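Participant: Following is a predicted model, sequence given first.
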Amino acid sequence: MSTHAAPRKKVTVLSLRKKKRNGVPITMMTAYDYPSARSVEDAQLDMILVGDSLGMVVLGYDNTLSVTMDDMVHHCKAVARGAQTPMLVGDMPFMSYQVDIKEAVRNAGRLLAEGNMDAVKLEGGIEMVDTARAIVNAGIPVVGHIGLTPQSVNQLGGFKVQGRKATAAAKLLEDALAMQDAGCCAIVLEAVPDRVAKYISETLQVPTIGIGGGNGCDGQVLVYHDILGFFDKFTPRFVKQYSQLNTVIGDALTAYKTEVESRTFPAAEHSFTMKDEEWTAFLELVEPKVNANDWFGIAS
């Protein structure tokens, strides 16, 4: 009898809906490159979001607004090479879908055709219904994103919790239902009061993925660099750091610097050897020319 575990099946839209029906939480991680995708694959999480937050976390911008479609395709391709079984979702960057619906469909298609994603994510509620529906009608799964929408940070007045007032919370529910009606397969709820997020999650038929939405969502997503303590420019309240890699990396780099400067690295075990007879033959070949300052026949 074989002791090998059966290969893990690819996570799909149907897998996510089954988890919601059965009350099984969905696990999602935002990752941006091949190594992080491999780690998420090995941990057997359900989904990977290639987020436009790479603008801040990887590229060093102050926000997500400078990220381009070419940036997203580049990082999506790297993630897709590293992860085969999670459902892969590519973020549509700022101004790749807001201006023209045909252009939005074309750009969404790029994330699948070139970036090898399984779905795309776009921000917005009722105002994005027609765009989301057109992308879905083109055969491309769409994940919605409401609440704190980072691409609208200037309009929102900063990275602030959304839906704390009753009317604002009602608008979030209206947005969520509208995006579900447009055909979204899941909806991200970011920085939303926990009771509001739970109510929306229980009302919707499609799964919700919380990031700062409390424990009542159908799933959770965080950023790979955040949970590892790898990105320390700022840490949102909703982030839990499961490790402190910045400290570990800093210690490793300092130790490397010290060992190089003291010539304790590389040691013998890190170096390659040469047989004595070959070394002697080498010296016999080169030393006459070196001593005569006539290497390659050019006198100094």
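Facilitator: Everything's here; your move.
Participant: buried ones in stretch 34-48?
Facilitator: Neighbour-count burial for stretch 34-48, counted by 16 or more other C-beta atoms under 10 Å, picks out 34, 36, 37, 39, 40, 41, 45, 46, 47, 48. Glycine gets a C-beta too; all of them are placed from N, C-alpha and C.
Participant: pLDDT on whatever helix or strand residue 73 lives in, on average?
Facilitator: Assigned by DSSP states H and E, residue 73 belongs to helix 69-82. For helix 69-82, mean pLDDT rounds to 98.
Participant: Same check on stretch 15-27?
Facilitator: Here the average pLDDT along stretch 15-27 is 97.
Participant: just stretch 189-201 next, same as before
Facilitator: For stretch 189-201, the mean pLDDT works out to 96.
Participant: after the helix or strand bottoming out on mean pLDDT in the chain, next one along is what?
Facilitator: Across the helices and strands of the chain, mean confidence by mean pLDDT, DSSP states H and E is lowest for helix 153-156: a mean of 58. For helix 153-156, the following helix or strand on the C-terminal side (DSSP H and E) is helix 166-181.
Participant: would you list every one of the helices in the chain?
Facilitator: Under the criterion DSSP state H, the chain contains helices at 13-22, 34-43, 54-57, 69-82, 101-113, 129-137, 153-156, 166-181, 194-203, 224-227, 245-261, 276-291.
Participant: of the ones you listed, which approaches residue 216 most closely?
Facilitator: Among the helices of the chain, the nearest to residue 216 by C-beta to C-beta is helix 194-203 (2.6 Å).
Participant: Check which helices and strands that closest one sits against.
Facilitator: Judged by 3 or more C-beta pairs under 8 Å, 6 or more residues apart in numbering; DSSP states H and E, helix 194-203 is in contact with helix 166-181, strand 186-190, strand 208-211.
Participant: May I see the buried residues of it?
Facilitator: For helix 194-203, by 16+ other C-beta under 10 Å, it's 196, 197, 198, 199, 200, 201.
Participant: quick revisit: which helices and strands sit right next to the helix holding residue 73?
Facilitator: helix 34-43, strand 47-50, helix 54-57, strand 87-91, helix 101-113.
Participant: returning to that earlier point: dump the helices and strands packed on helix 194-203 to TSV, plus mean neighbour count and distance to residue 242.
Facilitator: Putting the helices and strands packed on helix 194-203 into TSV (neighbours: other C-beta atoms under 10 Å; distance: least, C-beta to C-beta, whole Å) gives the following:
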stretch	mean neighbour count	distance to residue 242
helix 166-181	17	29
strand 186-190	28	20
strand 208-211	28	15
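Participant: Output the ones you listed as CSV; include the columns distance to residue 99.
Facilitator: Output for the helices and strands packed on helix 194-203, formatted as CSV (distance: least, C-beta to C-beta, whole Å):
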stretch, distance to residue 99
helix 166-181, 19
strand 186-190, 22
strand 208-211, 26
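Participant: So which of those is nearest residue 255?
Facilitator: Short answer: strand 208-211, nearest of those by C-beta to C-beta, at 35.4 Å.
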